[in-house]
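Visitor: The sequence and its predicted three-dimensional model are supplied below.
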Amino acid sequence: MKIGLIGLPRVGRTTVFNLLTGRGEATGGFGGREAHRATIKVPDARIDRLAAIFKPKKTTYAEIEFLDLPAFEVGRGGIPADRLTEMRNVDALVHVLRAFPVDEPTAGPAGDAAALEQELILTDLLFVERRLERLRADIAKGRKELAPELALMERLQTALGEETPLRRITLDEADDSLIRGYQFLTRPPMVLLTNCGAEVGPAELAAVAALAAAGGLASLALDAIDEWEIARLAPEDRQAFLADLGISEPARDRFIRVCYDLLEQAAFFTVGDDEVRAWTIHRDLPAVRAAGKIHSDLERGFIRAEVIAYERFIALGSLAEARKHGALRLEGKEYPVQDGDIVNIRFNV
């Protein structure tokens with residue numbers, strides 16, 4: 001999973017990046033015009049528990065790659081071309097919004113979010129208009145097979161012209177395949193992440209939440225500097241400080257949960273003496289395709305999936321007990337793999 005952090009200048013984007021990745025200082029530390037990357041292991045108490053049971057040679061957690069994309073000004077010549085390339089190469093965008101005092105006029109977090117959405121819509125609209133010109137020219141030269149894409153692009157042009165982001169447009173499988181390679185900016189999921197200080201009012205956060213709900217986005221609020229400082233504490237002190245702030249879990253955990261829900265992601269596990277591993281998949285992915293995440297040979301030679309839910313396995317305590325109680329199910333190719341499933345693939349190639 002690859003997540004891109006974007007935002008206007010001085011919103012605390014890099015502070016949020018440092019908080020989520022455990023890098024750098026509480027503020028600043030990068031600057032410049034290049035994107036910065038960091039990969040984190042996704043915390044998962046289930047993997048920890050399975051590793052304690054199997055004592056494998058290797059324990060592998062799911063991973064998320066974060067990109068901290070340099071700030072840009074909305075409405076000043078559009079989004080730079082190099083920034084567009086990076087933004088189009090992620091699974092989700094996170095727009096970091098400022099909700100703390102600054103010594104300059106501000107539209108507030110909801111206003112900033114709306115302004116960036118307009119910029120992304122305009123960028124997509126310009127791309128669609130250029131593509132329409134090319135399609136019409138090619139069809140005029142006899143390439144009639146492009147007619148379905150022309151009709152779809154005209155539909156997208158209308159939506160974008162009405163300021164509707166493409167994530168709000170329902171596409172069937174055929175239409176989706178026509179535009180899959182174009183990487184529109186308003187099609188990927190987005191999180192509105194409000195970086196707020198103690199002074200932020202509930203009305204500001206409510207406005208961001210309402211904007212997110214209306215646009216099909218997720219929203220999350222956190223105080224990046226305070227939570228970064230707490231994240232640096234010893235584990236035994238960390239929970240007490242979070243409790244003082246009225247926070248039930250660390251910012252990174254909350255953020256990951258929001259992203260998994262937004263992207264409809266799930267995790268299944270493979271276990272054994274050699275390795276206990278988490279695999280990230282789209283929710284309800286058929287078992288045969290989940291097998292392909294492990295190795296292409298498993299998908300090609302798939303026979304059955306041996307499956308047990310994590311909670312059921314923990315209740316029984318071992319695979320031997322699971323077999324003894326008939327708790328290991330044999331599932332076919334189309335079985336929708338569930339979050340927390342422990343899976344062993346039977347295959348033959």
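Guide: Ah, there it is. Residues are numbered from 1 along each chain as shown.
Visitor: got the contact list for the closest residue to residue 60 other than its chain neighbours?
Guide: Once flanking residues are discounted, residue 60 sits nearest to residue 277: 4.1 Å by CB to CB, 6 or more residues apart in numbering. In short, each C-beta sits where N, CA and C put it, glycine included. Going by CB atoms under 8 Å, 6 or more residues apart in numbering, residue 277 touches 58, 59, 60, 269, 270, 271.
Visitor: now residue 209: how far from residue 122?
Guide: 25 Å (CB to CB, to the nearest Å).
Visitor: which stretches of the stretch 201-349 of the chain form helices?
Guide: 202-215, 224-231, 235-244, 251-262, 287-294, 296-300, 310-316, 319-324 (DSSP state H, counting those that start in this stretch).
Visitor: Now mean neighbour count too, for the ones you listed, in TSV please.
Guide: Formatted as TSV, these follow (neighbours: other CB atoms under 10 Å):
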stretch	mean neighbour count
helix 202-215	15
helix 224-231	20
helix 235-244	12
helix 251-262	18
helix 287-294	20
helix 296-300	15
helix 310-316	16
helix 319-324	14
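Visitor: Mean pLDDT lowest where, among those helices?
Guide: Of all these, the minimum mean pLDDT falls on helix 235-244 (a mean of 74).
Visitor: which residues of the stretch 51-200 of the chain fall in helices?
Guide: 81-87, 108-140, 147-161, 173-179.
Visitor: For those, give me CSV that also has mean pLDDT, distance to residue 289 and mean neighbour count.
Guide: Formatted as CSV, those follow (pLDDT from 0 to 100; distance: least, CB to CB, whole Å; neighbours: other CB atoms under 10 Å):
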stretch, mean pLDDT, distance to residue 289, mean neighbour count
helix 81-87, 78, 28, 15
helix 108-140, 91, 29, 17
helix 147-161, 94, 26, 17
helix 173-179, 89, 15, 13
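Visitor: TSV for the ones you listed, including distance to residue 336?
Guide: Below are the helices of the stretch 51-200 of the chain laid out as TSV (distance: least, CB to CB, whole Å):
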stretch	distance to residue 336
helix 81-87	31
helix 108-140	32
helix 147-161	29
helix 173-179	17
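Visitor: For residue 195, find the nearest of the ones you listed.
Guide: helix 108-140 (8.5 Å; CB to CB).
Visitor: Residues in contact with stretch 173-185: which ones?
Guide: Against stretch 173-185 from outside (CB under 8 Å, 6+ apart): 84, 87-89, 93, 120, 123-124, 127, 131, 148-149, 152, 156, 166, 171, 187.
Visitor: at 10 Å instead, please
Guide: Defining contact as CB atoms under 10 Å, 6 or more residues apart in numbering, one finds that stretch 173-185 is touched by 6, 79, 84-85, 87-90, 93, 116-117, 119-125, 127-128, 131, 146, 148-153, 155-156, 160, 165-167, 169-171, 187.
Visitor: Quick check: residue 126 vs residue 115, distance?
Guide: For residue 126, the distance to residue 115 (CB to CB) stands at 17 Å.
Visitor: Run through the stretch 1-150 of the chain and note the low-pLDDT ranges.
Guide: 24-33, 75-78, 101-105 (pLDDT under 70).
Visitor: Strands of that one, start to end?
Guide: For the stretch 1-150 of the chain, the strands defined by DSSP state E, counting those that start in this stretch cover 2-6, 36-41, 58-60, 63-68, 92-99.
Visitor: How far away from the center of its chain is the third one?
Guide: Taking CA atoms, centre = their mean, to the nearest Å, the mean C-alpha location of strand 58-60 is offset from the chain mean by 23 Å.
Visitor: The fourth one now?
Guide: A distance of 9 Å separates the C-alpha centroid of strand 63-68 from that of its chain, computed with CA atoms, centre = their mean.
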